[in-house]
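Peer 1: have a look at this fold, sequence not included:
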Ligand code: PEP
């Protein structure tokens with residue numbers, strides 16, 4: 001049974017005061033981990049330390065949105081994996097679509113980041129997802145295969161014990177247009193089959209695959225849709241952008257995850 005993971009990607013949002021207030025509200029709500037759901041927040045680099053202090057002793061875990069794969073040294077503007085570990089991060093996101101498509105990170109660079117982060121013992125959320133034109137051209141599975149193949153090149157099955165995959169269709173990120181639960185389930189199933197064929201069935205069964213892209217819980221309808229999404233057998237949680245910036249909405253997504261886990265529909 002895979003534990004659901006609800007992860008908040010704060011992107012380049014918050015200031016110190018809002019970051020610590022948001023983190024504090026989550027820490028207060030979750031002094032202990034819910035039975036069935038892991039909770040993670042990924043604030044901007046400058047707020048990792050104050051957020052770490054705000055969530056200290058709670059069930060909320062700390063992650064970073066990016067890192068550089070090289071050892072500390074002459075890489076102006078970059079942040080080393082050792083630095084993340086030093087400030088209490090146990091997670092790092094690699095390959096977010098904004099890093100791929102806005103900041104121009106290549107498959108080769110992302111592979112180096114995945115390998116280096118796993119080697120350091122960090123949990124990695126590796127993001128994959130197709131653009132709208134690729135979906136419309138029926139290339140979704142090809143794109144996902146390519147991103148998995150290149151991103152995980154050189155990683156042994158053992159190395160992937162700390163890997164979480166996030167399926168984030170680019171057209172759904174920050175647009176308010178969420179993939180349907182059927183679209184998400186189909187992509188997740190495909191990703192799990194890829195893991196089984198490239199590695200083995202056990203690894204595929206154990207690896208969590210999150211959905212990301214306009215997951216919301218701002219009203220009853222959105223809560224129900226999020227619950228139904230998280231009930232899909234191959235959907236093991238959510239990577240949440242905009243809605244993770246509002247404590248109440250993020251909590252409602254976590255609650256939807258708890259309900260989905262209780263319903264026991266995940267594999
Ligand atoms: C994201 O940034 O990973 C994301 C899914 O954003 P949003 O939830 O805002 O679409």
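Peer 2: Sure, I can see it. These figures come from a predicted structure and were not determined experimentally.
Peer 1: nearest spatial neighbour of the residue of the stretch 151-267 of the chain found nearest the ligand, chain-adjacent residues omitted?
Peer 2: Using C-beta to the nearest ligand atom, residue 241 is the residue of the stretch 151-267 of the chain that sits closest to the ligand, at 2.1 Å. C-beta: built from backbone N, CA, C; applies to glycine. Nearest residue to residue 241, sequence neighbours excluded (C-beta to C-beta, 6 or more residues apart in numbering): residue 9, at 5.2 Å.
Peer 1: that neighbour: neighbour count?
Peer 2: Per other C-beta atoms under 10 Å, the neighbour tally for residue 9 reads 26.
Peer 1: who's it bridged to?
Peer 2: In this entry, residue 9 is beta-bridged to residue 42, by DSSP bridges.
Peer 1: surely the residue of the stretch 151-267 of the chain closest to the ligand and residue 173 touch.
Peer 2: Yes. Using C-beta atoms under 8 Å, residue 241 is in contact with residue 173, at 6.6 Å.
Peer 1: need the contact list for the residue of the stretch 151-267 of the chain closest to the ligand.
Peer 2: Neighbour list for residue 241: 9, 11, 173, 174, 212 [criterion: C-beta atoms under 8 Å, 6 or more residues apart in numbering].
Peer 1: repeat for residue 97
Peer 2: By C-beta under 8 Å, 6+ apart, residue 97 lies in contact with 127, 129, 168, 170, 173.
Peer 1: got the residues of the protein near the ligand?
Peer 2: By the criterion of C-beta under 6 Å from any ligand atom, the positions of the chain lying close to the ligand are 9, 11, 96, 168, 173-174, 212-215, 239-243.
Peer 1: could I have the buried ones of those as ChimeraX selection syntax?
Peer 2: Of the residues of the chain next to the ligand, the buried ones go into a single ChimeraX selection, burial set by 16 or more other C-beta atoms under 10 Å:
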select :9,11,96,168,173,212,213,214,215,239,240,241,242,243
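Peer 1: please report the distance of residue 248 from residue 141.
Peer 2: Per C-beta to C-beta, to the nearest Å, residue 248 is found 37 Å from residue 141.
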